[in-house]
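[1] Need a 3D model of the sequence below.
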Amino acid sequence: MKGITIICNPAAGSGKALQKWKKFQSLLDNSNLTYNLFFTQRPKHATELASSAIKKGSKRIVSFGGDGTLNEILQGMCLNSLNSANDIDLVVLGAGSSNDFEKTFVQKEWIEKIKGVHTETIDLIRLDYLNFDEIKSTHYCINNSSIGIISEAGNLFNNASGLNKLIKRGSVNAGALIAGIQTILKFSGVNAELKIDEVKKTIGSLCNITIYKNPYVAGDMYYNKCVERGDGRLSVAIVESNSRFQLFKLIPSLYTGKALDKQGVKYVECKQIELKTNDNLVIEADGEIVGKPPIKYSVLNKAISVVV
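    Below you'll find the model as predicted:
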């Protein structure tokens, strides 16, 4: 098999990915596979490495890290041309904290996945928004994107310090739960204007909106409804509430998949959605904070090929 590029983020999973790589490398080197290996050294380095590898002719990009590493690699694959992105096979080896992307696929040995011949062409979510320098930007995600409590909690989780950082290192789920509780305690619903396909809607107390192609969010949380990976549609979960008590009651249902059945939560499916708000919120995409509203989400049907 020609043109295999492995991009490893040694810092993924609070640094545990490096140890996982060392164990896996001995197996890989006995498999008679020829590959090029690169370690990321800084934020967004995986994007540069993926783009460079494709330009040099690599036809199979292996992501060894977490969902954040995967998202960076995805940007590099899309950077050259989306028209050719699905000519490149993506292999995902989840060595990070939550590895949400892999949860919707049949689990296989990593060696088997790198050698795999069966692929599935899946959708991507495109985000058009403002970055923090007020510049119009485009980003792609493969799992989900949120604005509101989840994005604010994600920002807090990503920048955890002190006791929160120690808890996060010990348990990603505990760290995410604490970040969520701390965010709810200080968050107030915001005014927002939505345009779902061609239907406009004003929400007076938006607490969270998640646009997703993967029902798993932040570790063990998940939704019980989701579009298919390659059907050209987006799943949208909208939480509207003025009650912190009601928001706290939602937390257990996120771990049982029943949040969409609760009061104040609405589920819709669409091909694109726009959001505008005057409140200062951040946008999270595949666990990374990328910018702020206004934003337009759209689906790119069957945009990338994944080894399954």
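[2] how is this structure carved up into domains?
    The chain breaks down by automatic domain parsing into domains covering 4-117, 126-301.
[3] Of all those, which one is nearest Val307?
    domain 4-117 (4.3 Å; Cβ to Cβ). No exception for glycine: its C-beta is placed from N, CA and C like everyone else's.
[4] from the middle of its chain, how far away would the closest one be?
    Computed by Cα atoms, centre = their mean, to the nearest Å, the chain-centroid distance of domain 4-117 equals 15 Å.
[5] rewinding a little: including mean pLDDT and mean neighbour count, could the domains of the chain go into JSON lines?
    Shown next, in JSON lines, are those (pLDDT from 0 to 100; neighbours: other Cβ atoms under 10 Å):
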{"stretch": "domain 4-117", "mean pLDDT": "91", "mean neighbour count": "19"}
{"stretch": "domain 126-301", "mean pLDDT": "92", "mean neighbour count": "18"}
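[6] Out of those, flag the one nearest Val308.
    domain 4-117 (5.6 Å).
[7] I'd assumed Glu284 was in contact with Asn71.
    No: contact criterion Cβ atoms under 8 Å: Asn71 and Glu284 do not qualify, at 10.6 Å.
[8] Leaving out sequence neighbours, find the closest residue to Lys258.
    Among residues not flanking Lys258 along the chain, Asn224 sits closest, at 6.2 Å (Cβ to Cβ, 6 or more residues apart in numbering).
[9] That should have said Gln182, apologies.
    Using Cβ to Cβ, 6+ apart, the closest residue to Gln182 is Leu156 (6.3 Å).
[10] What is the helix or strand containing the one you found packed up against?
    In the assignment (DSSP states H and E), Leu156 maps to helix 149-158. With contacts taken as 3 or more Cβ pairs under 8 Å, 6 or more residues apart in numbering; DSSP states H and E, helix 149-158 sits against helix 172-186, strand 199-212, strand 283-285, strand 288-307.
[11] The ones you listed: which one's closest to Pro43?
    Comparing these by Cβ to Cβ, strand 288-307 comes nearest, at 9.1 Å.
[12] related to what we said a few turns ago, do you know which of the helices and strands packed on helix 149-158 lies nearest Gly232?
    The closest of the helices and strands packed on helix 149-158 to Gly232 is strand 288-307. By Cβ to Cβ, the value is 3.9 Å.
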